[in-house]
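[1] whatever this is, show me its structure:
(chains A and B)
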There are 2 protein chains.
Amino acid sequence: MGHVIEPDPAKTVPLGFRLAGVHCGIKSDPEKEDLGLILLDRPAVAAGVYTQNKFAAAPVVLDRSRTPSNSIRAVVINSGNANACTGDRGIADAERMCLEVASACDIDPGEVLVLSTGVIGQFLPIDAIAAGITRTAANLADDASAIAAAARAMLTTDTKTKTVERHWRGGSLLGMAKGAAMIGPKMATMLGVVLTDVAIDPEMAQRLLRQAVDESFHCVHVDGHTSTNDSVLFLASGAANVAVETPEDVEQFGQLLTESCTSLARSIPDDGEGANHLITIHVRGCESSSAARKIAHTVADSPLVKTAIAGNDPNWGRIVSAAGYADVPFDPEKLELRLNGQLLFCGATPTDFSEREVSDSMRSNRETLIELHFGEGSAEARFWTSDLTEEYVRLNADYRT
Amino acid sequence: MGHVIEPDPAKTVPLGFRLAGVHCGIKSDPEKEDLGLILLDRPAVAAGVYTQNKFAAAPVVLDRSRTPSNSIRAVVINSGNANACTGDRGIADAERMCLEVASACDIDPGEVLVLSTGVIGQFLPIDAIAAGITRTAANLADDASAIAAAARAMLTTDTKTKTVERHWRGGSLLGMAKGAAMIGPKMATMLGVVLTDVAIDPEMAQRLLRQAVDESFHCVHVDGHTSTNDSVLFLASGAANVAVETPEDVEQFGQLLTESCTSLARSIPDDGEGANHLITIHVRGCESSSAARKIAHTVADSPLVKTAIAGNDPNWGRIVSAAGYADVPFDPEKLELRLNGQLLFCGATPTDFSEREVSDSMRSNRETLIELHFGEGSAEARFWTSDLTEEYVRLNADYRT
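    A predicted model of the protein is given here:
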């Protein structure tokens, strides 16, 4: 328990990458970066997992057609405007960003990926972005301040950057993410980028990324809103002297990637708008992984559970009844519910726990742990969400003036 | 548009029924009825539709085993305590309520149905309820004040009673409902009771009720929480000189029942906790009814849509992107979105509507109408929900002291 330990700000750029972040004029505050660039010394492996929303934004359409790949040289990222619901002009604008990067960095436009996040339904200020791309290309570096600038350049309403750094044998891995719910005015998106200098082939990169995202970003549920722009990219330069080759490598590196994505994913609801609690929902003892996920998702989706936790209320009734309508068969008699480690419910009836004690433990911890054990099998799932506070509603209901 | 017109308080009790409502001591306020009784002169047809929650409350378990039926004599209703998650003792308490009604009214205990709503996980104050049943039996009447007392006896956090009255040929129909979201402290439930003196056989009653509930109560979405106690009962005394016999009768009476249930169902989100807007989501032009329902449900479930409407913000981006993740295939180019009649989005891009004008129309109307037309077919669905306000969160997060 206790407050979530933030990983140390990442300081190491994997070999073969350089980064930059500048202000180009999309955000009104000139102190805030809104354009980032990641450049590779040579063509690299890239994999991507994208939103399933029918209104996929222009950059998603473009990236989807270019991954998996073994010849990506750059990723350009803008915040403040999602380039979503922008029709043909949106696609043209995304392609123009690639052209500008190609021209500034002397690479091929087809070797560039694009990420955008921000307002939906407005056209990009493409000339300002083009000018910004020239400046980011001139600012590329491989030090800690370049990481920080690039990480800030992808933020919208986030209150802090989200980075992770891991090492494997002689290689390193650097991850960055943004996301703090999909919010107004018409903001969108969770974005993630993971860079490594470990060598891996494109199909394996795609498979391990898919698996990592399934257990991390796909288990984060803030407001249930799959945005038009959600994207996670994974780039491998292969510049370190280490490769993912044997089945054991695959297992180990896959775990490292999943763990890195999990660290980034958890930081999103932890930084959720108005959030006072990061909630972990751990469902165990199910017959299948899909059953466990369905229940965890249903509990994470319940505004009644999330308001109760905002109020430090150990309201077991809302939690077990949410599990009860998840459309998964189970024997209510076998369910055990624990909240912050205390048994609240078993044998289909509440225990005689001390409400005051459990409430105090909720009040004094930023993290709340909900554990549901169904006694039906051995499958499990873990979801993360944030509590639902008056501040969340205030942030999301404020009319744009 | 305009404020929802409340139906006139119902004044006619269908032939063959008598009603009463008293305070028996479950609610702390002695001015508030918490026990209701509906008695039939002779055995009647009864149908029921119940919660699918795995933690179905004791009264639901009991009623489910007794409907459809052609020999029901009474319904006893208590508010303030849901008798849910109460194990074997809960079942015994529900049966004891039937016994007390049987003894007070000189009928068979197996002819009684039970509805409960309120706190989950606490045992009923069964002796107080038993004493109350004797008093309700002595107060039975068939006038408007009996309707009002019985309607009040089923309320929990509702701010007003919900009734509907309709006539068909020489017969009449009276409906009552309660529900204002599932709220704290550990409150549950939507309840509905529809009484008629039209004659109908049990299987047809069950079929028409199922159909009516599918298009009304099942299309109401306040917080997504299927409670432990949700129940709708339909009782037909057959005491009026009119029967549902021909296919045309079935069609007409079925429509009447659906319309009555729709009127009651809409009044639930309209009286939602902290609600400032009743939101109607009308999805048309889909390939199938289930596709239309899935989309309407997904939009109704989005806290981002619901907070935007609380802020009178015509945030089309949140609405179309919610439709986009409903897991229903459609061509984004063909979607048209209207808000309070104004076209906001078509051809996968926003129109140049006046935000100020649409916002003003939202501000000056309690009802907000969201229309989505997909141009894929002719199926449609209508869902109702309420907006998500800071007051909702405050009501649901307040810790019980």
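[2] all contacts plus neighbour counts: C-alpha atoms, from now on.
    Noted.
[3] do stretch A:259-273 and chain B come into contact?
    No - if you take Cα under 8 Å from any Cα of the partner chain as the test, stretch A:259-273 misses chain B, and the best it gets is 12.0 Å.
[4] ok, residues contacting that stretch?
    A:157-160, A:162-166, A:175-181, A:212-213, A:215-217, A:220-222, A:275, A:277-278, A:384-386, A:391-392, A:395 (Cα atoms under 8 Å, 6 or more residues apart in numbering or on different chains).
[5] kindly format the C-alpha coordinates of that stretch as CSV.
    Taking Å, rounded to 0.1, in the frame of the first residue of the first chain, the C-alpha atoms of stretch A:259-273 are listed here in CSV:
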residue,chain,number,x,y,z
GLU,A,259,6.2,-4.6,-16.8
SER,A,260,7.3,-1.4,-18.4
CYS,A,261,3.9,-0.9,-20.1
THR,A,262,2.2,-1.7,-16.8
SER,A,263,4.2,1.0,-15.0
LEU,A,264,3.2,3.5,-17.6
ALA,A,265,-0.4,2.3,-17.7
ARG,A,266,-0.9,2.6,-13.9
SER,A,267,0.4,6.2,-14.0
ILE,A,268,-2.5,7.2,-16.2
PRO,A,269,-5.4,6.7,-13.7
ASP,A,270,-3.0,7.8,-10.9
ASP,A,271,-2.9,11.2,-12.7
GLY,A,272,-6.6,11.0,-13.7
GLU,A,273,-8.5,14.2,-13.6
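[6] so how far is that stretch off the chain centroid?
    Stretch A:259-273 has its C-alpha centroid displaced from the chain centroid by 6 Å (Cα atoms, centre = their mean, to the nearest Å).
[7] avg pLDDT for it?
    Mean pLDDT, stretch A:259-273: 90.
[8] out of the contacts of stretch A:259-273, which sit inside helices?
    Using DSSP state H, the members of the contacts of stretch A:259-273 that fall in helices are A:Ala212, A:Val213, A:Glu391, A:Tyr392, A:Leu395.
[9] is stretch A:82-97 in proximity to chain B?
    Yes - judged by Cα under 8 Å from any Cα, stretch A:82-97 and chain B are in contact via A:Cys85, A:Thr86, A:Gly87.
[10] any idea which element A:Leu369 lies in?
    Under the criterion of DSSP states H and E, A:Leu369 resides in strand A:367-373.
[11] paired strands for that strand, with orientation please.
    strand A:278-286 (parallel), strand A:336-339 (antiparallel) (DSSP bridges).
[12] what residues does the stretch 251-400 of chain A have near chain B?
    A:302-304, A:307-313, A:315, A:317-318, A:320-322, A:324-325, A:329-330, A:332, A:348-350, A:388-391, A:393-394, A:396-400.
[13] can you select the buried ones among the residues you listed for me in ChimeraX?
    Per 16 or more other Cα atoms under 10 Å in any protein chain shown, the buried members of these correspond to this ChimeraX selection:
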select /A:302,303,304,307,308,309,310,311,312,313,315,317,318,320,321,322,324,325,330,332,348,349,350,388,389,390,393,394,396,397,398,399
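[14] narrow the residues of the stretch 251-400 of chain A next to chain B to those in strands?
    In strands, defined here by DSSP state E, the members of those are A:Thr349, A:Pro350.
[15] which of the residues of the stretch 251-400 of chain A next to chain B fall in helices?
    Those of these lying in helices (DSSP H): A:303-304, A:307-310, A:317-318, A:320-322, A:324, A:390-391, A:393-394, A:396-397.
[16] alpha carbons only: can I get stretch A:35-42 in CSV?
    Extracted in CSV, the C-alpha atoms of stretch A:35-42 (Å, rounded to 0.1, in the frame of the first residue of the first chain):
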residue,chain,number,x,y,z
LEU,A,35,5.8,19.1,-30.6
GLY,A,36,8.2,16.1,-30.1
LEU,A,37,10.5,14.2,-32.4
ILE,A,38,12.2,10.9,-32.0
LEU,A,39,14.9,10.1,-34.6
LEU,A,40,16.8,6.9,-35.3
ASP,A,41,20.3,6.8,-36.7
ARG,A,42,19.2,4.1,-39.1
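[17] tell me the mean pLDDT over that stretch?
    For stretch A:35-42, mean pLDDT rounds to 98.
[18] next one: that stretch to chain centre, how far?
    Distance, centroid of stretch A:35-42 to centroid of chain: 20 Å (Cα atoms, centre = their mean).
[19] quick one: buried residues of it?
    A:Leu35, A:Gly36, A:Leu37, A:Ile38, A:Leu39, A:Leu40.
[20] go back to those and keep what's next to chain B.
    Okay, of these, nothing touches chain B (Cα under 8 Å from any Cα).
[21] in TSV, list the residues you listed along with secondary structure and distance to B:Asp360.
    Converted to TSV, the buried residues of stretch A:35-42 look like this (DSSP: H, G, I helix; E, B strand; the rest coil; distance: Cα to Cα, whole Å):
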residue	secondary structure	distance to B:Asp360
A:Leu35	strand	36
A:Gly36	strand	39
A:Leu37	strand	42
A:Ile38	strand	45
A:Leu39	strand	48
A:Leu40	strand	51
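[22] out of those residues, which comes closest to chain B?
    A:Leu35 (22.9 Å; Cα to the nearest Cα).
[23] without its sequence neighbours, what residue ends up closest to that closest one?
    Closest residue in space to A:Leu35, ignoring its immediate chain neighbours: A:Asn78 at 4.5 Å, by Cα to Cα, 6 or more residues apart in numbering or on different chains.
[24] looking at it, that neighbour is touching A:Met154, isn't it?
    Yes - using Cα atoms under 8 Å, A:Asn78 is in contact with A:Met154, at 6.3 Å.
[25] find the residues that touch each one of those two.
    In contact with both A:Asn78 and A:Met154: A:Asp34, A:Leu35, A:Gly36, A:Thr117, using Cα under 8 Å, 6+ apart.
[26] what's A:Ala243 sitting at in phi/psi?
    phi -140, psi 150 (degrees, to the nearest 10).
[27] go ahead and confirm it touches A:Val198.
    Yes - if you go by Cα under 8 Å, A:Ala243 and A:Val198 touch, sitting 5.4 Å apart.
[28] between the two, which one's more packed in?
    The neighbour comparison of A:Ala243 against A:Val198 (other Cα atoms under 10 Å in any protein chain shown) goes to A:Val198, with 25 against 19.
[29] which phi and psi does that one have?
    phi -70, psi 150.
[30] show me the contacts for it.
    Taking Cα under 8 Å, 6+ apart, one finds A:Gly171, A:Ser172, A:Leu173, A:Ala236, A:Ser237, A:Gly238, A:Ala239, A:Ala240, A:Asn241, A:Val242, A:Ala243, A:Val244 in contact with A:Val198.
[31] take the strands paired with strand A:367-373 and write them to CSV, including mean neighbour count, distance to B:Pro202 and mean pLDDT.
    What follows is the strands paired with strand A:367-373, written out as CSV (neighbours: other Cα atoms under 10 Å in any protein chain shown; distance: least, Cα to Cα, whole Å; pLDDT from 0 to 100):
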stretch, mean neighbour count, distance to B:Pro202, mean pLDDT
strand A:278-286, 24, 39, 97
strand A:336-339, 21, 40, 98
